[in-house]
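> Here is the input, now give the coordinates:
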Amino acid sequence: MMAFVEAKDGTKLHVKDGGHGRPVVLIHGWPLTGDMFEYQGLALLEAGYRVVTYDRRGFGQSGHPASGYDYDTFADDLAAVLDALDLQGATLVGFSMGGGEIARYLTRHGAGRIAKVALVASVVPYLLKGADNPDGVDQSVFDDMKAQIRKDRFAFLQSFAKQFYGVGLVSSPVSSALLDWTFVLALMASPKATIDCVDAFGKTDFRQDLRSFTVPTLVIHGTSDKTVPITPSGRAAAQGIAGAKLIEYDGEPHGLFATAPDRLNRDLIDFIG
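This is a model prediction of the structure:
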């Protein structure tokens, strides 16, 4: 239903909307598409929920504009989707950089349409290392990522996916076919969006946005996440959001939606209720 929603600046956002019941909106991570939630979307549909996914601007089948890759714009894009579908009592689930959309959306648009939120391996509240964020990620890491994308985006995406899923780290690594699928999803993004979003998720400070979380909040994060380390993200978010519940997945990497799908599906469904 409703394949495209128009954002404020005219960018077309590709939306998938299926099922009935209470709405759950799944917000994808970098550099993938809404289709990354294959396991979660199916489980939620079968559990009787209405499931909405959309591709972030610059990614997947959404429009690929030359600009607008900042969290104020991303939050307004999320608002456009919620408004166009007139969703009420929705649960927002943000994976990785998708957690930032939720934080900034709540600040800019409030929680009127929102019942609950879940941050999964999310970048919230702040990734960049600094004097006031000593456990963060060094600026050089983000600079190197952008340099590699410029040099050979295809080689970067293949090597990044292995770290993403903890290949060589977790006891049951994902299949080579799933790595191929991840590569295909990531290839669909515009090079400009792929590069600009490194700054967006790497440098955006959501610490002031934490006070906007006024609905029940679940935080899920893998303790072996090398992409978005748990201390400045998941643990800090759970500490800074009033009443938030933190579930740590021991030994799991960043891409736990595929390395621990059954557990994640259960935890989300238990939380949504």
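> so how far is G98 from A75?
11 Å (CB to CB, to the nearest Å). Any C-beta I mention is one placed from the backbone N, CA and C, and that applies to glycine too.
> So which of these two has more stuff around it?
Higher neighbour count among A75 and G98: G98, with 30 against 21, using other CB atoms under 10 Å.
> Span of stretch 94-101 from start to end?
One end of stretch 94-101 sits 7 Å from the other (CA to CA, to the nearest Å).
> For that stretch, give me every contacting residue.
26-30, 36-37, 56, 71, 74-75, 77-78, 102, 117-124, 197, 200-201, 204, 206, 227-228, 237, 254, 257 (CB atoms under 8 Å, 6 or more residues apart in numbering).
> same thing but at 6 Å, please
27-30, 71, 74-75, 78, 102, 119-124, 201 (CB atoms under 6 Å, 6 or more residues apart in numbering).
> what is the mean pLDDT for stretch 73-90?
The pLDDT scores in stretch 73-90 average 98.
> Tell me the buried residues in it?
Across stretch 73-90, burial judged by 16 or more other CB atoms under 10 Å covers 73-82, 84-85, 87, 90.
> Reformat the residues you listed into a markdown table and put distance to D144 and secondary structure next to each item.
Below are the buried residues of stretch 73-90 laid out as a markdown table (distance: CB to CB, whole Å; DSSP: H, G, I helix; E, B strand; the rest coil):
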| residue | distance to D144 | secondary structure |
| --- | --- | --- |
| T73 | 26 | helix |
| F74 | 24 | helix |
| A75 | 28 | helix |
| D76 | 30 | helix |
| D77 | 28 | helix |
| L78 | 29 | helix |
| A79 | 34 | helix |
| A80 | 34 | helix |
| V81 | 33 | helix |
| L82 | 36 | helix |
| A84 | 38 | helix |
| L85 | 39 | coil |
| L87 | 39 | coil |
| A90 | 37 | strand |
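> Relative to L26, how far out is T33?
Counting by CB to CB - T33 and L26 are separated by 11 Å.
> ok, now which ones touch K245?
Per CB under 6 Å, 6+ apart, neighbours of K245: L218.
> Can you name the residues bridging to it?
L218 (DSSP bridges).
> And the pLDDT at it?
On the pLDDT scale, K245 gets 98.
> Now the helix or strand hosting R266: average pLDDT?
For R266, the host element (DSSP states H and E) is helix 261-272. For helix 261-272, the mean per-residue pLDDT is 98.
> List of residues touching it?
With CB under 6 Å, 6+ apart, helix 261-272 has contacts from 39-40, 43, 47, 91, 218, 247, 257.
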